[in-house]
Each structure stands twice: as C-alpha cells, then as structure tokens.
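Q: the sequence and its predicted three-dimensional model are supplied below.
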Amino acid sequence: MMLVLVLIITPCRGVLVFRNQARYLVAAAERCLASNTSAAEAVRRLRRSRECPARWAVTCLDHFNCDAMLRDVSEPLGDALRELGLDVVSGRASACVREVPDCGARQHLVLNANLMDPRWAEVLPRSLVLLNLEQLVSRSIDEARRAALAAVEVYARDDAVAGAGRRALAALAAADGNAIGATVDDRRGFVALDDAARAYPWLDYSYANVDLARVLWHPCVFAKGVGTATSRSKVGSVGEPAFLYATDDTPEDLRRRAEAFVSSRGLTAGAGCATAACVTATLFDAAAETLIAPSSSTRTAPTLDAVHLGGIGVPRRVRVVEALQQRARAAAVLEGYFGAARDEALAAARLGLAIHRHHDRKVAEVVRILVYAKAGLPVVAEAGSDTLLENELAADHPVFFVPYDGLVESAIALLDATEENATALKARNLATVRQERYMLAPILAFLFPACVPRIRRTGLFPPSFLAAALAINAASPPR
C-alpha cells in the first residue's frame, strides 16, 4: 500500500495537500480495514459493491448553517460528482427525506457529522458517509458533564442546545476516561459526539482531527481536504441538480428569523460597526437578498482594505476590524453575504481576514480562506494547532498564519506591500489547486472502487495524478 506515497504526483507538482492526503489515506485505510468495528464493516461493504452508485445526495444534518454557509462545501461536492455523470441532489437531510422520493436509495455524503445521532440513523441509509467540518476536542468526563449540564440548564429554552445536552448526559453516563466532542458552540465550548456517529466512515477536513479520532475514538476517519467548486451551481426544483434549502421562505420569514438571532445575542441589526467606515449589511436585509434572489442584489459595495466574512456578534473578530479602522484602514465585518452579493463585496476588497470565533478554536478556517482565495484576495489568518493543514494552505500562496495579537500589524504590512495583480493570481491558484475533483477522487476511488472507470473516463485528471489517486486500490483490493 505504500506504493501510493511513491507515485503521488499532483496537478501542481510539489503541492503539499496531495502528499498529505495520500499519506493519511494510506494510514487510515490500513487502520480501518484491520479493525473489527461497524464502521470498518460499512467500508468493506461499500468497497465490495460492483456498481458505482448512480444517484447521490449531498446533505447536511439540520442546522442554521445548512441554509447558506455549508453551500460552500456542498456545491463543490455536487459539482465533482456531476463531473462523473452522477445524479446529485443537495440540501437539508430532512428536506431530502421529505421531498425526494428515492432519498433513501441514494448514496449520502452527510455534512455536520457532529450532529449524527440515533434519530438520524433511523431515517438515513446505512451506507452513508459522514463529513465533519468542526474542530474535534477531547475533554475529561467531568468537563464534558459540566458542558452538557450547562446546555440543559442555562439554555433550556433553546430546544436544539438543550436536546444536545440531554443526549450528551446520557452518553456520558456510561463513559470513562476522556470524552470526544466538537467545539461547535462557543457558549459551551464542547458538544459530545453521539456513539451513533461511530458506526459510519468519516471524512474530515483537519489532520489534527484525524489524529485525535484515531487515538481516542474512531479508526475509520479519512482526511479529505475542503475543495472549491468548478462552477456555481444554481438553485432549482427537486428533480434537477438541485439545492433543497429553505428558498421558499418569504422576506418576512427571513426578517423574523434574523431579528430573533440578533435579539438572542443582545445585539441590534447592524451592531458591531463603530465607525462609518465599517460597512455591514443588516442581517435581515442581506438574508432577504441573498437567500431569496441573490442575482437581484443592487447593493454597490465600497472599496474596502480588509473584510471578515461573518462574525458581527463575535468580539474577537470585531476587535481586529475596529483596530484596523483606528489605523485609518477601511475594514468591515460582512454579515449575511452569500452568493452574488458576497462576490460583489469581495470584488471591492483587498484582503480577507480569517479569525477564530473563540480562543479554543485551533483549526484553520479553511472554507472562509478558500472563498477569499477564489476571489483573488490574500489572507491573514489566525494561527492554530493544525500546522500540517496551515502549511499546505500557505505553501506558495498568499495565506499568512499569525497569532491573534499579530493580526492587525500583519494585515497592515500586507496591505502596504501587496502587488495586487501578482497576489490575486497566487490566491486564485490556491483555489484552482484545491478543486473538489482533486480532493474527492482519491477517497472516492478507495471507498467506491466501482467508480474508478468513471473517474478514468472523465479526462479531467492529469495522468500522473490519476495513477497516484487510484494506486491504493491495487495495493488494497476490496475483500
């Protein structure tokens, strides 16, 4: 199986992401297939299939991120699968179950792996593959129990938070040693993973996450980098290559949801802007434009030195933006921008910021960084603990990881020194190299060997990359 490490030659020679993923895929394949777990049996079952699944569903377990932000992950996945001639629907898992007649017969790639629990396991196919997009962390049983109790008692009126807390308490009752969870909720800092999630193979965006899961929890977690879309998918009706998001919400529905979101955090619409230079869309206005009819936006964005996508209620992000404003830089937190409105705003910016929501977050903000890169922006990002991931993002590309205290000075230095045409070209190269087709092909070939002929026939992959991506099957044939 070590053959793949020798053969790996990438579409852009020397790019770290492909070498890293090859090494991690080899190690995970050996570890998973040697284990006696239900996830390993699921992997063996997928690999034994003689047919490449023709119908797929890229779904996310219901969460507020599903409606907009996770499109930056599901769109590229859908594009890459369609390039293989496969039928794909995308959107909320609940919408798929409710609206797509053959939802249960489709091969699912399910985002928000941290939300998997027995309720979802009852309605989704046993063959699903989970994708995790949150930082995994380990906590002592006592720390995990305190976080779960806080969810139940402090946030009793929030059904989603309190329900997760109750399920975590039940899971922790039989646990010993350390608990593994995700830092998806800054109010608690820890959300325990349900044991139901261990029954499925995982794809994970972070090498640090894979290492933690391997040691503490799950042998069948495979590293798969976040990729970029080759084209912008269009919202359509069910039956087309479609997104099943809440696009039937009226502007008034969105206004109520956004106002409730703002009120729950003690903010007012447009809060977080200390000066006129901080140009931020109000949540309800942006939501109405970008979720209902992104192409109808007529907002003209001013030229901005630095922008941070999202985080109007996140003090760590607002502090950096305000510090840049105080240094006579036009900086803004852009809240609620998606689709065409976001493209327009980024076209008027010079630099992107990627700052963690919470000081306990340590894994690179990959999705946000790639959005900036595709727009041709250099990035100043807060450094964390997954140095392997940071190194591959920064290699030969204008992505600069620095400690939180150095973000302001680094942004100013980069703005002063940037030769914008050359920097934009390098930034876009990062987005090109990390096209989802390249991120997905190796793991797809491993989990679904019957799809290899489709991968070969596309003509989309350089021969050297194709040979490397498929070599693992020769070394580890289905059994």
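A: Okay, I see it.
Q: residues contacting the residue nearest the centre of the chain?
A: For the chain, the residue whose C-alpha lies nearest the mean C-alpha position (C-alpha atoms, centre = their mean) is Leu133; its distance is 4.4 Å. Residues counted as contacts of Leu133 (C-beta atoms under 8 Å, 6 or more residues apart in numbering) are Leu70, Val73, Leu111, Asn112, Ala113, Tyr205, Val226, Val367. The C-beta positions use only the backbone N, C-alpha and C, and glycine is treated the same way.
Q: would you list those in TSV and tack on neighbour count and distance to Val152?
A: Putting those into TSV (neighbours: other C-beta atoms under 10 Å; distance: C-beta to C-beta, whole Å) gives the following:
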residue	neighbour count	distance to Val152
Leu70	24	27
Val73	27	30
Leu111	24	26
Asn112	25	21
Ala113	24	23
Tyr205	24	30
Val226	22	33
Val367	17	30
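Q: can you pull the phi/psi pair for Ile141?
A: phi -60, psi -40 (degrees, to the nearest 10).
Q: that one reaches Gly177, doesn't it?
A: Yes - counting by C-beta atoms under 8 Å, a contact exists between Ile141 and Gly177, whose distance comes to 7.2 Å.
Q: which one's more surrounded, these two?
A: Just comparing Ile141 and Gly177: by other C-beta atoms under 10 Å the higher neighbour count belongs to Ile141, 15 against 8.
Q: where does that one land on pLDDT?
A: Ile141 carries a pLDDT value of 86.
Q: look up how far Phe465 lies from it.
A: Computed with C-beta to C-beta, to the nearest Å, the distance linking Ile141 and Phe465 is 45 Å.
Q: where does this structure have low pLDDT?
A: 1-14, 68-69, 160, 174-176, 185-188, 231-302, 396, 418-422, 469-470, 472-479 (pLDDT under 70).
Q: which parts of it belong to which domain?
A: 3-132+199-230+436-475, 247-433 (automatic domain parsing).
Q: what residue in this structure is the furthest from its centre?
A: Checked over the chain using C-alpha atoms, centre = their mean: the farthest-from-centre residue is Ala328, at 33.3 Å.
Q: longest helix in the protein, please.
A: Among the elements of type helix in the chain, defined by DSSP state H, the one spanning the most residues is helix 16-33.
Q: that one packs against which elements?
A: helix 3-7, helix 38-48, helix 207-216, strand 221-223, helix 387-394, helix 436-447, helix 463-475 (3 or more C-beta pairs under 8 Å, 6 or more residues apart in numbering; DSSP states H and E).
Q: how about these in a markdown table, adding distance to Arg23?
A: Listed next are those as a markdown table, based on distance: least, C-beta to C-beta, whole Å:
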| stretch | distance to Arg23 |
| --- | --- |
| helix 3-7 | 6 |
| helix 38-48 | 19 |
| helix 207-216 | 9 |
| strand 221-223 | 9 |
| helix 387-394 | 10 |
| helix 436-447 | 11 |
| helix 463-475 | 11 |
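Q: tell me which of those sits nearest to Ala341.
A: helix 436-447 (23.0 Å; C-beta to C-beta).
Q: give the next helix or strand downstream of the closest one.
A: Remark: after helix 436-447, the chain's next helix or strand is helix 452-457, criterion DSSP states H and E.
Q: now that next one, how far from the chain's geometric center?
A: Centroid displacement of helix 452-457 relative to its chain, using C-alpha atoms, centre = their mean, to the nearest Å, is 26 Å.
Q: could you check how far Asp158 is from Gly311?
A: Asp158 sits 20 Å away from Gly311, taking C-beta to C-beta as the criterion.
Q: correction: the previous question concerned Ala156.
A: Counting by C-beta to C-beta, the separation of Ala156 from Gly311 is 27 Å.
Q: so the two - more neighbours on which side?
A: When neighbours are counted by other C-beta under 10 Å, Ala156 and Gly311 differ, and Gly311 comes out ahead with 21 against 11.
Q: measure that one to Gly336 for me?
A: Counting by C-beta to C-beta, the gap from Gly311 to Gly336 is 11 Å.
Q: can you give me the neighbour number for Glu122?
A: For Glu122, the neighbour count with other C-beta under 10 Å is 8.
Q: so which strand or helix has it?
A: Counting by DSSP H and E, Glu122 is part of helix 118-123.
Q: following that helix, which helix or strand shows up next?
A: Counting by DSSP H and E, the element after helix 118-123 in chain order, helix or strand, is strand 129-132.
Q: for that next one, which outside residues touch it?
A: Contact with strand 129-132 is made by 46, 73, 107-114, 116, 182, 197, 200-205, 209, 221, 224, 447, as judged by C-beta under 8 Å, 6+ apart.
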